[in-house]
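Undergrad: predicted model follows, preceded by the sequence.
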Amino acid sequence: MRTLKQGSKGPDVGLLRRLLNRKLVPSPNLPEAHIFGAHYNGAVAHIDFGPKMDTAVRALQHSKRLKVDGIVGPRTWSALGLTVDISKPVTLASQPSNNTCYAAAATMVLGPGASMSFDPGPLPAGVAPDDHWARAFAQRFSWRLEYGMTPTPGALEGFLRSGAFWIAGNLPFPAGPSYHAVVVGAIWGDRDADHTMLLIYDPWPANIGEVYGIILGDYVGTSPTAFRYMLHR
């Protein structure tokens, strides 16, 4: 994990807030940005390390007999229970139109030299579009397709060890849920879904894209079909 201190910003600061709220006694009750990126609900703009977080970190360090300096390095992360820290290199690729998220997600998994031009072919009779697309991409790139799985941190950790992976399902959007594909590039936490964050590379909005963090337990709780399809190596 990266070292954090007052002034730091980013998704991992959101995970730090969650861990401090849940593991420091008494809880500092820091406001949490929860899930999604700025294009969904403005969350990213509010994930920063301010004076109240600094006070909470120092209280934790004091309680664990660590150096009280407000800097969250390896020993402080360990004191917060961090046991999973896997990050894979991903280059964000935005979708060129509103219906090309699957191809953009595949490009991110395959790497910058990949193309978003793969055509999954015509939709077979009686097959749902998303089923057809997920199967076609799995076959085309020799990926494993997990269908209808409720993910655990351990399972996602296992997928990520082989590289960034692709998920799709009924994901939350400002105007309401819609089928969409994103890429998971990192997992950080203590193997409890409520204390585990996934770093998401999202090709939406078209021609923009965004990187943000989600707390796995929160995300599954609000969007239980978000992990309808998982394609991994």
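TA: Ah, there it is.
Undergrad: after the helix-or-strand element of the chain with minimal mean pLDDT, which helix or strand is next?
TA: Across the helices and strands of the chain, mean confidence by mean pLDDT, DSSP states H and E is lowest for helix 38-41: a mean of 65. Tracing the chain C-terminally past helix 38-41 and defining elements by DSSP states H and E, one meets helix 51-63 next.
Undergrad: how about that following helix: buried residues?
TA: Buried residues in helix 51-63, defined by neighbour count with 16 or more other C-beta atoms under 10 Å: 53-54, 56-61. For every residue, glycine as well, the C-beta is placed using N, CA and C.
Undergrad: repeat for stretch 171-188
TA: 171-172, 179-188.
Undergrad: now stretch 189-205
TA: Buried residues in stretch 189-205, defined by neighbour count with 16+ other C-beta under 10 Å: 189-190, 193, 195-204.
Undergrad: quick one, helices of the protein?
TA: Here the chain has its helices, by DSSP state H, at 11-23, 38-41, 51-63, 74-79, 101-110, 129-141, 153-161, 216-222.
Undergrad: and these, which is most packed in?
TA: Each of the helices of the chain was scored by mean neighbour count; the highest is helix 101-110, a mean of 24, by mean count of other C-beta atoms under 10 Å.
Undergrad: tell me which residues are up against that one.
TA: If you take C-beta atoms under 8 Å, 6 or more residues apart in numbering as the criterion, helix 101-110 is touched by 90-96, 114-118, 120, 133-134, 137, 141, 163-166, 168, 180-183, 185, 201, 203-204, 209, 231.
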